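3D model of this:
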Amino acid sequence: METVTRPRSIGSALDPIALSLLVASLAVSVSLAVVGAPAVDPRWVPGMVVLTLAAAAWRVWLMVRPPDVGLRRVGFWPALLAGCLLVLMSPVYGLYAFLGYLEAPLVSRGRQRSAAMVVTAAACAYAQIGGSRSPLWSWPVYALFLAVNIGVALLIMLIERQRERTMLDLERVVAELRDSEERNARLQDQLLAQARDAGVEEERARLSREIHDTVAQSLVGIITQLEAASDIAARDHTARLQRAGATARDALGEARRAVRALASPRLDEDALPAAIARLVRQVAEASRIDAQFTLDGEPAPTPYDSELLRICQEALANVVRHAAAQRVMVTLGYSADEARLDVRDDGRGFDPAVVGTGHGLPGIRQRLTNIGGTLEIETTEGGGCTLSAAVPR
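Predicted coordinates:
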């Protein structure tokens, strides 16, 4: 894969170096020709000056115009051949010719790159000997220097190819990372959608439990009052109906509160012990059950008072509907790390392994699970039932 940013940045960085080497090489070569050094033939000085100025003008042109990879590729071979001619005129230009090793991988590929590296190696070997006017000059010596430079060229090409493979790997990794980010974004959207759906289902279940534990239980109390009213003397009808009306008003309050954040209206008026005591009195008045309430410990509000009240309401409703109990004892106890509600009755009990599909005990258990509480049930058929619910303080 070929990119344009790499030739632009690295090639442009080499231009000032090449320009400096051209100027320095020309100054040294002219000085050697003036003093009569054998490395430079004075007859080549005019051509050397013209060719150096042309090469320098090319470098300046590349520096002042916007980066253009195509233009750099077109001018690479003329600039390389000009460098070789300058080396033939003066071996001092060998440092300038060495830049061919660095530029060839940037602007050429395949066979063109290999050819450019071989030409650069030939020019550098010639300059390193000191040219054909040097005492070291001979074809075997030149062949030796050429072999060394070709080895350098091969090493540079291997390094460049490895770098290109590394760049390709990095580009592939970046593409994979982008693809992974897109997949993760899609997955996150799916998870959010699933979480929203799960939240909706959980809220529906919570609403169902709240309605069951408030309106439904109050309606049970109303029915109990009305049934009792039908079995007693007319003079007691009024009291029973008044209690049924009060229970109905509580049910209306519960229904309205369920729509507004599902909190208990009793806790708006009373602390938890008072609310439970009131609930126990209502059960005693509405049924033939001897319902008693006991407070154990120093009461203090907890974040889960409304949950305990709902649990007490559900437990007492179960006693009234199913237990056939004569007596029920409700105890609210406080310790250093928890608040505990115990509801004990002397009814028929049940098999704890067989629980109905309604919202009663499963609803209580779910409430406590949601807030980190615990539920214990001790019961046997015919031996009554004890329900213990504990919540953290």
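
name the residues that touch the helix or strand hosting Ser20?
If you go by DSSP states H and E, Ser20 is part of helix 12-35. When contacts are defined by Cβ atoms under 8 Å, 6 or more residues apart in numbering, helix 12-35 is touched by residues 39-42, 44-45, 48-49, 52, 55-56, 59-60, 62-63, 67, 86, 89-90, 92-93, 95-96, 99, 102-103. Backbone N, C-alpha and C define where each C-beta goes, glycine included.

mind listing what's buried along it?
Judged by neighbour count using 16 or more other Cβ atoms under 10 Å, the buried positions of helix 12-35 are 14-15, 18-19, 21-22, 25-26, 28-30, 32-33.

give me the neighbour count for Glu160.
17 (other Cβ atoms under 10 Å).

my bad, should have said Trp137
13.

how near is it to Pro91?
10 Å (Cβ to Cβ, to the nearest Å).

can you pull the residues that touch both of the two?
By Cβ under 8 Å, 6+ apart, the residues touching both Trp137 and Pro91 are 129-131.

ok, the closest residue to Thr380 other than its chain neighbours - contacts?
The shortest distance from Thr380 to any residue other than its chain neighbours is 5.2 Å, reached at Gly349 (Cβ to Cβ, 6 or more residues apart in numbering). Gly349 makes contacts with 323, 379-385, as judged by Cβ under 8 Å, 6+ apart.

let's see it at 7 Å
379-385 (Cβ atoms under 7 Å, 6 or more residues apart in numbering).

of these, closest to Gly360?
Nearest to Gly360 among these is Cys385, at 11.9 Å by Cβ to Cβ.

okay, and the beta partners of that closest one?
Going by DSSP bridges, Cys385 is paired in beta bridges with Asp345, Thr379.

surely it is in contact with Thr379?
Yes. Using Cβ atoms under 7 Å, Cys385 is in contact with Thr379, at 3.8 Å.

what sits in contact with each of these two?
349-350.

show me which of these two is the more surrounded one.
Neighbours were counted for Cys385 and for Thr379 using other Cβ under 10 Å; Cys385 has more, 24 against 18.

hmm, back to that, can you say which of the contacts of Gly349 are buried?
379, 384-385.

ramachandran angles for Met329?
When quoted as degrees, to the nearest 10, the phi and psi of Met329 stand at phi -120, psi 120.

whoops, Thr380 was the one
Phi and psi for Thr380, reported as degrees, to the nearest 10, are phi -140, psi 150.

mind checking how far it is from Arg65?
Remark: distance between Thr380 and Arg65 (Cβ to Cβ) = 98 Å.

and if you look at Gly47?
Going from Gly47 to Arg65 by Cβ to Cβ gives 27 Å.

hang on, the earlier thing: columns distance to Tyr304 and pLDDT on top of the buried ones among the contacts of Gly349, output as TSV?
TSV is the format used below for the buried ones among the contacts of Gly349 (distance: Cβ to Cβ, whole Å; pLDDT from 0 to 100):
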residue	distance to Tyr304	pLDDT
Thr379	24	88
Gly384	26	90
Cys385	22	93
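
still on that earlier bit, would you turn the shared contacts of Trp137 and Pro91 into CSV with pLDDT?
Below are the shared contacts of Trp137 and Pro91 laid out as CSV (pLDDT from 0 to 100):
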residue, pLDDT
Ile129, 92
Gly130, 89
Gly131, 88
